[in-house]
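> Got a predicted structure here, sequence first:
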Amino acid sequence: MADALRKLVNYFSMFDGNHNWAAINTTATALAHPDFTIHTPSGQVDRDAWMASIESFAKNGGTIDMLYFEAIEGPGDVQVKYKLRMNMVDGTTSLVRSIGTFKDGMLFHVEPMEGASAYDKIFHDANPSSKVAVEQ
């Protein structure tokens, strides 16, 4: 459980405005399960679309301030609850609370609890051609 928390903290700490995509790419690739998905108000985002979007976010100077992390104890998959301040490339700021679920030691799914529109701003607005399976 501590390993999952450490992996997320390490990943989010890399969004410091230094545009170091090579390092973020290596960390994100090791973090995200091959079947990774993130739920957004506009639908599910797959791993490839997530990678393309975070690349754009990082290269354009988007930053993340980590506010809160908590490993959730319980049977089954490891989960981490977290709260972030996302400093968007357009100058706006969004607070996001999410739960990340780990499977096989890798981040498998992210479910926003609050501030989900920030995910749309990163994943859909910045990358409108991303692979998104919109839920019906």
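That came in fine, so what should we check first? Remember, predicted model here, so these are calculated numbers, not experimental data.
> contacts and neighbour counts: CA atoms only from here.
Noted.
> Please name the residues that touch residue 34.
Residue 34 sits next to 47, 108 when contact means CA atoms under 8 Å, 6 or more residues apart in numbering.
> element containing it?
Element membership for residue 34 (DSSP states H and E) is strand 32-40.
> same question, residue 99
Residue 99 is part of strand 93-103 when elements are defined by DSSP H and E.
> what does residue 86 give?
Using DSSP H and E, residue 86 falls in strand 78-87.
> hmm, back to that, how big is the angle separating the strand holding residue 99 from strand 32-40?
Put simply, strand 93-103 runs at 130 degrees to strand 32-40, going by axes from the mean of the first three to the mean of the last three CA atoms, to 10 degrees.
> Where does residue 55 fall, secondary structure wise?
Going by DSSP H and E, residue 55 is part of helix 47-59.
> Can you spell out which helices and strands pack onto that helix?
Counting contacts by 3 or more CA pairs under 8 Å, 6 or more residues apart in numbering; DSSP states H and E, helix 47-59 packs against helix 21-31, strand 32-40.
> Quick one, which of those gets closest to residue 48.
Closest to residue 48 of these is strand 32-40 (CA to CA; 9.0 Å).
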